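# pasting the structure only:
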């Protein structure tokens, strides 16, 4: 009986641990706090094009954020990206802090991941707006690249605190889980009674 109960508890503990692990943030250095001193760019991110740099003037959290200063007439506006180990068909939640220092009608900020893309115009004035986006699994076919590209004619876009999490699988309600646990623990008792009755 003791061994059986210990096994049940171990299974339930492993189940709870695996459910918690699904919430792990998939973005590395999402707060841009680790900067490469030689390039003044964030570690674990790739930057191509013009006008992207780390900045300590308007961080949302910590000491650093990223600024996008390329204008709408720039032929090569910068792209900030990171390869992410996403899973085909999995739903995700993407969140980040976004602010616009200048607010021009021409300001544009676009985020994309797999087949998902969403754009923002110059209405996210500082202080930051926390953007939370639901990314359906139909837009994810496997490992994907998270990208941010922006132009700003007023001043600069500010980006900070990027986070990407897989949506949790539905966990049974506590009452249902408790009933399941009681039923599993009670099974050995029911077996003993049957043996006693047949003897």
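Structure's in. What do you need? Being a predicted model, the structure only gives us computed values, none of them experimental.
# The one helix or strand in the chain whose mean pLDDT sits lowest: what's the following helix or strand?
Within the chain, no helix or strand scores below helix 2-21, which has a mean of 45 by mean pLDDT, DSSP states H and E. With elements assigned by DSSP states H and E, the helix or strand that comes after helix 2-21 is strand 35-36.
# Tell me where this protein has helices.
2-21, 174-198 (DSSP state H).
# What separation do you get for the spatially most central residue of the chain and residue 154?
Nearest to the mean C-alpha position of the chain, by CA atoms, centre = their mean, lies residue 164 at 1.0 Å. Counting by CB to CB, to the nearest Å, the separation of residue 164 from residue 154 is 28 Å. Yep, even glycine has a C-beta here, placed from its N, CA and C like the rest.
# coming back round to it: hang on, the residue nearest to the centre of the chain packs against residue 94?
Yes - when contacts are counted by CB atoms under 8 Å, residue 164 is listed as touching residue 94 (5.1 Å).
# follow-up on the earlier one: tell me the contacts of the residue nearest to the centre of the chain?
25-27, 30, 84, 86, 92-95, 113, 146 (CB atoms under 8 Å, 6 or more residues apart in numbering).
# Repeat the analysis, applying 10 Å as the threshold.
24-27, 30, 82, 84, 86, 92-96, 113, 133, 135, 144, 146 (CB atoms under 10 Å, 6 or more residues apart in numbering).
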